[in-house]
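>>> Got a sequence here, can you build the structure:
(chains A and B)
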Amino acid sequence: MADKLLIYNTLTRKKEEFKPITPNQLGLYVCGPTVYGEAHLGHARPAITFDVVYRYFQHLGYKVRYVRNITDVGHLTDEIAGEGDDKIAKKARIEQLEPMEVVHRYTESYHENMKALNVLSPSIEPRATGHIIEQQQLIKAIIEKGYAYEANGNVYFDVLKYNKSHEYGKLSGRKVEDLFENTRELDGQSEKRNSYDFALWKNASPQHIMRWPSPWGEGFPGWHSECVAMGTKYLGEQFDIHGGGMDLIFPHHEAEIAQSVACFGKDSVNYWMHNNMITINGQKMGKSLGNFITLNEFFTGNHELLEQAYSPMTVRFFILQAQYRGTVDFGNEALKAAEKGLERLMNAYTALEKIAPAKESEVDVALLKQNCYNALNDDFNTPILIANLFETVKTINSIIAGNITIDSNGLNELKQLFDVFVFEILGLKNEAHQATSNNELTGKLIEMLGQMRIDAKANKDWATSDKIRNELTAMGVTIKDTKEGFEWEIN
RNA sequence: GGUCUCGUGGCCGAGUGGCUAGGCAGUGGUCUGCAAAACCACGUACAGCGGUUCGAAUCCGCUCGAGACCUCCA
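Got it, this is the predicted structure:
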């Protein structure tokens, strides 16, 4: 199985063989959400992408420490005006809530969504506000090394100076000269030496709610320090993988690299992984554009663009059907296709139970399995993996249809293949099954009606048998006839 | 304006020099009292124009179109 695992590294812009710093151990850091609103479909993408990365490394036997932060402070919304307003604080004022109340509410909501999507909880979920001291220490160290300067209670990173000895822009492919030319909106009053210098610490205006004491006066941490402070705290000065959305490459991750290099003398991250965006009508779904659909809206179908509700697993499967580095375009047709496809996949798994093994096997399970591993080893190519799983589905159905045979050993391997790739690594769940098993009485009643229908059929009383089936269908119970009798499921 | 990415059949989406991606939808057939499910078969797609090559959707150039980042965004 485990051949080379290739990972596309944003830093080098090519696929590289993954080599851990410590054998069989993985340090993984992923940028989590800023909790000032409900999570939308876009938030599900990195969560699911890196959930699969997490799951796969664990499957390969790695001891993984997966750190995914919660950003609960910072991110100025109005930098141009000069008096930056904290997103969390702004929301707090609007809703008349304590900032921490806002944070708490949306953190819980995020956790509920993630659980529904079967996204595993990370090993550590640190919060920015819980690491103010670490961030201050980082900032102090950067000042000491001479790469940051203080001005009126603000601390800025000196990009120009840094760039003299290092390369600012190596992750995003930018050059400082270009940045200089292309900076819009010159804020003349700013104390920045250069417009592209970024804030490490911001002085809090009197009305600013979130504030902490610091050597530079009362204020709050700037945009890009939290991930460096928390990442290196829990994973070490150097760790394996840092992930996040593509939109974070510049300036966020670029600034992280600069801080790491300035502070530790080296880039903390070996492999930078970035998931692409989800688009809607070809345009990025995002908070600022206001064209997002929240996960709860997907689950309930309560949004004008949604023709129906889509279950968490449908959403998960939909996202996994695209490779993480490409965009995925949202659409009802595409979501419905995912729903149907997932159902087919799950039905095949259930159908495995019904297969009677033969003496001879015409199925090459080892090959199917190898193809699945090959897909994952090629930069987590889940669509190829899923294509292989559908090959497996076809195989299973062909066995049931009597076209090919399988022996008991092969049958076990098939089941195992599903257990490993569908459930363990892709993290899918069989939702239909849960629904049917949670009410015993309902099940018994349906069984009874179904049996009555079988009797009617035996008497060629088609009117009665069709009536039973039609009415059950209207109630959302699907009846399927089989050779032995019938099957049912609740939609 | 600068930097970059992409344009695949009705929809979503892989692939990246010659070999079927896959799913959904559609069509025909088998099975079934009918249906559902399943199985079998089918569509001959790679924005346009040139070039390189024995051969390109895949490499190069140009044109058109879409988008991302440059400000917070997953």
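>>> Following the chain past the helix or strand of chain A with the lowest mean pLDDT, name the next helix or strand.
Ranked by mean pLDDT, DSSP states H and E, the helix or strand of chain A with the weakest confidence is helix A:431-437, at a mean of 59. Counting by DSSP states H and E, the element after helix A:431-437 in chain order, helix or strand, is helix A:440-458.
>>> Let me see the residues that make contact with that following helix.
For helix A:440-458, the external contacting residues (CB atoms under 8 Å, 6 or more residues apart in numbering) are A:436-437, A:462, A:464-465, A:468-469, A:472, A:477, A:479, A:485-486, A:488, A:490. No exception for glycine: its C-beta is placed from N, CA and C like everyone else's.
>>> State which one residue of the stretch 1-150 of chain A is found closest to RNA strand B.
Closest contact between the stretch 1-150 of chain A and RNA strand B, by CB to the nearest atom of the strand, is at residue A:42 (2.4 Å).
>>> Quick one: neighbours of that residue, just the number.
Residues lying near residue A:42 (other CB atoms under 10 Å) number 25.
>>> surely it meets residue A:278?
Yes: between residue A:42 and residue A:278 there is a contact under CB atoms under 8 Å: 5.2 Å.
>>> between those two, what contacts are shared?
In contact with both residue A:42 and residue A:278: A:284, A:285, using CB under 8 Å, 6+ apart.
>>> Give me the phi and psi for residue A:316.
Dihedral angles of residue A:316 (phi, psi; degrees, to the nearest 10) stand at phi -60, psi -50.
>>> and it, what does it touch?
Residue A:316 touches A:44, A:48, A:117, A:118, A:427, A:428, counting by CB under 8 Å, 6+ apart.
>>> Return the set of buried residues in stretch A:135-152.
By neighbour count on 16 or more other CB atoms under 10 Å, the buried set for stretch A:135-152 is A:135, A:136, A:138, A:139, A:140, A:142, A:143, A:147, A:148, A:149, A:150.
>>> Please list the outside residues in contact with that stretch.
A:128, A:155-158, A:161-162, A:191-193, A:200-201, A:203, A:214-216, A:221, A:225-226, A:228-229, A:258-259, A:262-263.
>>> end-to-end on that stretch?
19 Å (CA to CA, to the nearest Å).
>>> about what we covered before: among the contacts of stretch A:135-152, name the ones in strands.
A:155, A:156, A:157, A:200, A:201, A:203, A:221 (DSSP state E).
>>> Most neighbours out of the residues you listed, which is it?
The ones in strands among the contacts of stretch A:135-152, ranked by neighbours (other CB under 10 Å): first place residue A:200, 29 neighbours.
>>> my guess is it contacts residue A:229, does it?
No: Residue A:200 lies out of contact with residue A:229 (CB under 8 Å); the separation is 10.5 Å.
>>> how about the residues of the stretch 301-450 of chain A near RNA strand B?
Contacts of the stretch 301-450 of chain A with RNA strand B, taken as CB under 7 Å from any atom of the strand, map to A:318, A:321-323, A:326-329, A:331, A:333-334, A:336-338, A:340-341, A:344, A:347, A:378, A:381, A:383-384, A:386-387, A:390-391, A:393-394, A:397-398, A:400-401, A:403.
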